[in-house]
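[1] Next input, structure requested:
(one chain, ligands or ions: 1)
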Amino acid sequence: MPHPFPHDFRWGAATASYQVEGGIERCDWAQAAREGRVPPCGSACDHYRRFREDIALAATLGHTMHRFSVEWARIEPEEGRFDEREIMHYREVLTAIRAHDMEPSITILHFTLPLWYAERGGWEHPNAPRLFARYAAYVVERLGDLCTTFATLNEPMVVAGLGYVRGRWPPFHTRAYVRYLRALYHMAKGHRAAYHAIRAARTSARIGIVKHTVAFRAAGKNPFHHLAAWCMNLLWTRAFMSLVHHSCDWIGVNYYQRRVYGDTRALPYTDMGWRSDPEGIADALLQFKRYRKPVYVAEAGCADASDRFRASYIRDTVRGMRTALAQGVDLRGYCYWSLLDNYEWAEGFEKHFGLVEVDYDTFERRVRPSALLYREICRTNGGVVEGDEYQEP
Ligand code: BGC
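    Purely as a prediction, here's the structure:
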């Protein structure tokens, strides 16, 4: 008998403000697009105006949870000036999610920084953690009656790595290792400061952080492979988590890739050029067992424009989550990345992660067949994965 999912396990999908909303102009990514350094985002999926339709669609797809992010550049467009209209907008989004009996999960910052914050040095500025914490506390104060689950930051290691070492994302520094460490340290400090500021503002909030996790492992007995995997897990996951896990009520795990040293299997690649290894999510999740906190898969999914592989990708992800549950991970929910096709950062609109396809000319939404398999998984609490009673449409 496969390990069952807890009866209150949550199933859903995730989005992020800049990637779907459209019309966000006063942030570092929009500025980078104006300078021609990254593709323009424009209207994205026009989700800012079509959120009701999108949330209703998620509900018809069986989702019981919805993860989304609020946009700092909208809420605090100038330092210290908070825009009440934007708060009202996100209150409407939350009301729509709750009206469909879905549990909302808000990410307070998903990568994009307001221009005023970026221009004074972004995460490197000495006041960066304090200013972030003030914004985070404001968000929870104003939205915390409609939502209890909040993540402070999405994937700090990715922001720092691509922005300060690989030079692909704002602020486009290459091999700036000292600045990388400073930014990362300030993000950890910002998370902790936000945790305490939020706690003081609202005791009911459950606060976490979302960590990008590459699971490193070794196949076989080669001791160098084992040493390499141990070091990489330390560098990529454990070192950063040691700075923040005490200030977390839960942990969000984003999983896209596993690296197995000495593995000679010929695995397929997703449209991102990443080796597809969805069951490897078990290894990613097991790394978080040591913190003894509830864990959510905040993102796992694949870019697959043809939709030929997504259904089996999701099935294998669910198998991997079962394995983690069976081994004692306190897993509470899964959000597929992503509900909609969207702006894939430096890749623009070329990659298609969505359960729902978006026509960027007409903004028409089209449900992909894999979304229907996922609907059965949601409705049966992970039940259709082991038996094969579900037929591909
Ligand atoms: C990010 C998303 C991104 C996805 C696919 C995650 O690292 O949180 O914003 O679209 O990966 O690349």
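[2] Show me the strands in the stretch 151-300 of the chain, by range?
    206-218, 250-261, 295-300 (DSSP state E, counting those that start in this stretch).
[3] contacting residues for the residue of the stretch 1-150 of the chain found nearest the ligand?
    Across the stretch 1-150 of the chain, no residue is closer to the ligand than Ala16, which sits at 5.0 Å (CB to the nearest ligand atom). Just so you know, the C-beta spots here come from the backbone N, C-alpha and C atoms, and that holds for glycine as well. By CB atoms under 8 Å, 6 or more residues apart in numbering, Ala16 lies in contact with 68-69, 107, 110-111, 154, 342.
[4] Now, the residues you listed that are in strands?
    Secondary structure from DSSP state E places 68-69, 107, 154 of the contacts of Ala16 in strands.
[5] how about those residues in JSON lines, adding neighbour count and pLDDT?
    As requested, these are exported to JSON lines (neighbours: other CB atoms under 10 Å; pLDDT from 0 to 100):
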{"residue": "Phe68", "neighbour count": "26", "pLDDT": "99"}
{"residue": "Ser69", "neighbour count": "25", "pLDDT": "99"}
{"residue": "Thr107", "neighbour count": "26", "pLDDT": "99"}
{"residue": "Asn154", "neighbour count": "24", "pLDDT": "98"}
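[6] Could you find which two of those residues are furthest from each other?
    Spatial extent of the ones in strands among the contacts of Ala16 (CB to CB) is set by the pair Phe68 and Asn154 at 11.2 Å.
[7] who touches both of the two?
    Shared contacts of Phe68 and Asn154 (CB under 8 Å, 6+ apart): 16, 107.
[8] Show the pLDDT at Arg134.
    Model confidence at Arg134, given as pLDDT, is 98.
[9] any idea of the angle the lengthiest helix in the chain forms with strand 206-218?
    Using DSSP state H to define each element, the chain has its longest helix at helix 177-201. Interaxial angle, helix 177-201 versus strand 206-218 (axes from the mean of the first three to the mean of the last three CA atoms, to 10 degrees): 140 degrees.
[10] in helix 177-201, what counts as buried?
    179-180, 182-195, 197-198, 201 (16 or more other CB atoms under 10 Å).
[11] what separates stretch 7-22 from the chain centre, distance-wise?
    Centre-to-centre, stretch 7-22 and its host chain are 8 Å apart (CA atoms, centre = their mean, to the nearest Å).
[12] repeat for stretch 305-317
    Computed by CA atoms, centre = their mean, the chain-centroid distance of stretch 305-317 equals 18 Å.
[13] Quickly check: that stretch near the ligand or not.
    No: Stretch 305-317 lies apart from the ligand when judged by CB under 6 Å from any ligand atom; the minimum separation is 13.2 Å.
[14] For that stretch, list every residue counted as buried.
    Judged by neighbour count (16+ other CB under 10 Å), stretch 305-317 contains these buried residues: 309-317.
[15] Report the backbone C-alpha coordinates of that stretch in CSV.
    Only the C-alpha atoms of stretch 305-317 are listed here, as CSV (Å, rounded to 0.1, in the frame of the first residue of the first chain):
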residue,chain,number,x,y,z
ALA,A,305,5.2,23.5,-24.6
SER,A,306,4.0,20.3,-26.2
ASP,A,307,2.4,19.1,-23.0
ARG,A,308,3.6,15.6,-23.8
PHE,A,309,5.6,15.1,-20.6
ARG,A,310,3.9,17.3,-18.0
ALA,A,311,1.3,14.7,-16.9
SER,A,312,4.0,12.1,-16.2
TYR,A,313,6.2,14.8,-14.6
ILE,A,314,3.4,15.6,-12.2
ARG,A,315,2.7,11.9,-11.5
ASP,A,316,6.3,11.3,-10.7
THR,A,317,6.5,14.4,-8.5
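[16] Pull the residues that contact it.
    255, 268, 270-271, 276, 278-279, 281, 297, 300-302, 304, 334, 336, 351-352, 355, 368-370, 373-374, 377, 385, 392.
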